[in-house]
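Colleague: need coordinates for the following:
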Amino acid sequence: MIRSANLNRRSLLAGFAASPVVAAGIGAFPSAARSEAATAGLISPNVCMVLPEVTEGPYYFDPELVRADITEGKPGIPLKMQLQVVSADCTPIPGARVDIWHCDALGNYSGYKSQGSDGTNDTSGETFLRGTLMTDDSGIAAFTTIYPGWYRGRTTHIHYKVFLDERTVLTSQIFFPDALSEYLFQNTAPYNERTANRDTTNANDGIAKQVGEGGYAAIREQYGYYDAALVVGVDDTATSTQSMMPPMGDRPAGPPPSGASGATSGQAAVYIPGKDA
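Modeller: Residues are numbered from 1 along each chain as shown. From the prediction side, this is the model:
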């Protein structure tokens, strides 16, 4: 019985992988595909693959804020961002720690000096658009945030980390359909208050290419907000080797994230809500 269920799951995932919608990474799926995904216990028909680890970037720190709503009043298009953490065979993983962080509508991260494309904004001491959740019994962590903006040299994205334990940590990024991003940035406030034009899209962003089609969120427009979902496959036998990029501005006061000294790895001590005092 278990073997049959696994075969059915593999067949389902193979069908998703062959979908031209998935291959295009446009973030929209037909109702039949969504129904099949739901039958398999998945929140999205995204290809359920073990995602590659990519750079953490210069703007990660852990404010130890366990919360679903990370907006802190920041203006922007409301976004419900759901991540479902699963194993290599797409079995949901409950109790995993998920961190997300991203820039605001004007391209600024919280907690650092020299922000924005002009490098003049100071957000030291602030924690907007950062948060941590533990996955539920279905492997889901659901955050309330805003649609991320952009800054020079990068396409629109959300950073995330998934901690299964102190050894197994996946660091990666979520990407969004360029057509939707461009529409919002040109037609809605405060995104359209910027005079500069984006210089980077999904097609010429090196990290988006590295992550591949499995890194695109499935997007659905709801009344008053967008619903984004991504199924995140994690290899529960792997050890993180991702190193932190040099800072592009001053880091917050205190030690680097997780007590690291210039680099991070799956062996670094991490704060696990509900497991650490």
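Colleague: for this structure, give me the ranges with low pLDDT.
Modeller: 1-53, 117, 237-277 (pLDDT under 70).
Colleague: that one: helices as residue ranges?
Modeller: Under the criterion DSSP state H, the chain carries helices at the ranges 2-18, 20-24, 31-39, 178-187, 206-211.
Colleague: quick one: Leu133 from Arg67, how far?
Modeller: Using Cβ to Cβ, to the nearest Å, we find Leu133 at a distance of 8 Å from Arg67. To be clear about C-beta, it is placed using only N, CA and C from the backbone, and glycine gets the same treatment.
Colleague: tell me which of these two has more neighbours.
Modeller: Leu133 (20 against 15; other Cβ atoms under 10 Å).
Colleague: tell me the bridge partners for that one.
Modeller: Val98 (DSSP bridges).
Colleague: measure it to Pro148 for me?
Modeller: 18 Å.
Colleague: can you check Val98 too?
Modeller: Relative to Pro148, Val98 is positioned 16 Å away (Cβ to Cβ).
Colleague: what's the answer for Pro63, then?
Modeller: Counting by Cβ to Cβ, the gap from Pro63 to Pro148 is 18 Å.
Colleague: ok, the two, which is more surrounded?
Modeller: Set Pro63 next to Pro148 and count neighbours by other Cβ under 10 Å: Pro148 wins out with 25 against 17.
Colleague: what's the burial count for the closest residue to that one other than its chain neighbours?
Modeller: Computed as Cβ to Cβ, 6 or more residues apart in numbering, the closest residue to Pro148 that is not its neighbour in sequence is His102, at 4.3 Å. Neighbourhood size, His102 [other Cβ under 10 Å]: 25.
Colleague: residue contacts, His102?
Modeller: Contact partners of His102, counting by Cβ atoms under 8 Å, 6 or more residues apart in numbering, are Tyr109, Leu129, Thr145, Pro148, His157, Ile158, His159.
Colleague: do that again at 7 Å, thanks
Modeller: Going by Cβ atoms under 7 Å, 6 or more residues apart in numbering, His102 touches Leu129, Pro148, His157, Ile158, His159.
Colleague: then Ala142?
Modeller: Here Ala142 is in contact with Ala68, Lys80, Gln82 (Cβ under 7 Å, 6+ apart).
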